[in-house]
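Visitor: here is my input; please provide its structure:
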Amino acid sequence: MSLLAAVMSLSLLVAAPLSEDDAHGEEISAGQMFTTLFKHIEPHAVFGVWWGGNKGFGFVSAKQTDAMGQPVLDSHDHPVAFHSRAEFVEHYQVEFGGGNGILVYNINTVQWIAGALLILIFGWAGMKARGRGHGAPKGNVYHVLESMLLFVRDDMVYQTLGKEAGRPLLPLFLTQFFFILGMNIFGLIPDVAGSGLISTATANLAVTGAMALTTLLCIHFMGIKQHGFVKHWVNFLPHGLPWFVLPIIIPVEIVGMLVKPVALMVRLFANLLAGHLVILSFFGLSFLFASWLVATPLLLLAIGIGCLELFVSFVQAYVFTYLSIIFVGASLHPDH
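Guide: Below you'll find the model as predicted:
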């Protein structure tokens, strides 16, 4: 959900019946109402990619069809997507006489779009900088990008790791920061066209878990590169411990090592999901009470939460990246 979606949806719902069922005099329970709303934040398949069989290679629909080729509809007359890849493959193997395929979800498309835009934006900024020669490029967009880049470089990476150790890792942390920020902001864009391509990718544990995994791999890769394989793992243990304490300390340190990426994963996921749940809860309450007296203050609250979500998008990109820098720094400089 987003600020614009909140404004549009709440403005419409208070002037219309609660639902199609309600328009026909049928009531729906509060549980059904909130369950239907919360399904909007679940990842769903938007299209499939198929290869082999009579199809060859191409794109296919991610929506289920019956034996007559008609789309399968849910209770609200919305097309039903395949619930799993196995179900998807089984269906199209019958239709195309073999082959295999994968489902592409909206959280995947958001990552692709965000990544492509980052490449285009920074590619444009780089070409503009080269085109100016020794002069400073002009333009508000360029200055905003430059300010953000210098903030990540000087106030986050170099300040924590030092210039010598931080320079090789600068591309990783810059990519991490702007990629997370891009996905966060995309989650604030309403899918007014109904394409299903837009979602908050960082409100999904699979996405935040993959981002945290890159940090974990970087921690150990840089630690082993800096200190050697054996010394890197020994550095996790406090110095000067008697040998008989090691059976207790080693499991504790292993758990502590694994907690770091888990904390990164859950922190980003929970903070991005929370705002969406609050706004959807406001929607549900407006449907439930169906009154201007309730919908008006909820609309104002939704606007406030939408503004807060924009701020949270920047803060969480900063927190995730900065904690990653600190964790990698602890691996490079275990005595500090």
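
Visitor: scan this protein for its longest helix.
Guide: The residue-count maximum for a helix in the chain (DSSP state H) belongs to helix 246-289.

Visitor: other SSEs contacting that helix?
Guide: Applying 3 or more C-beta pairs under 8 Å, 6 or more residues apart in numbering; DSSP states H and E, one finds that helix 246-289 contacts helix 3-13, helix 30-38, helix 205-227, helix 292-332. Any C-beta I mention is one placed from the backbone N, CA and C, and that applies to glycine too.

Visitor: of all those helices, which lies closest to residue 154?
Guide: helix 292-332 (12.4 Å; C-beta to C-beta).

Visitor: go through stretch 170-178 and flag the buried ones.
Guide: 170, 172, 173, 174, 176, 177, 178 (16 or more other C-beta atoms under 10 Å).

Visitor: in CSV, list the C-alpha atoms belonging to it.
Guide: C-alpha atoms of stretch 170-178 as CSV (Å, rounded to 0.1, in the frame of the first residue of the first chain):
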residue,chain,number,x,y,z
LEU,A,170,32.6,0.5,-1.4
PRO,A,171,30.8,-0.9,-4.5
LEU,A,172,29.1,-3.6,-2.4
PHE,A,173,27.8,-1.2,0.2
LEU,A,174,26.7,1.4,-2.3
THR,A,175,24.8,-1.2,-4.2
GLN,A,176,23.3,-2.6,-1.0
PHE,A,177,22.1,0.9,0.2
PHE,A,178,20.6,2.1,-3.1
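
Visitor: how far does that stretch sit from the chain's center?
Guide: 16 Å (C-alpha atoms, centre = their mean, to the nearest Å).

Visitor: check stretch 210-227 too.
Guide: 21 Å.

Visitor: quick check: mean pLDDT across it?
Guide: Averaged across stretch 210-227, pLDDT comes to 94.

Visitor: cool, stretch 306-315 as well?
Guide: If you average the pLDDT over stretch 306-315, you get 89.

Visitor: how far out from the middle of the chain is that stretch?
Guide: Taking mean C-alpha positions (C-alpha atoms, centre = their mean), stretch 306-315 and its chain are 14 Å apart.

Visitor: equivalent analysis for stretch 319-332, please.
Guide: Chain-centre distance of stretch 319-332: 20 Å, with C-alpha atoms, centre = their mean.

Visitor: in it, what counts as buried?
Guide: When burial is assessed from 16+ other C-beta under 10 Å, stretch 319-332 yields the following buried residues: 319-325, 327-332.
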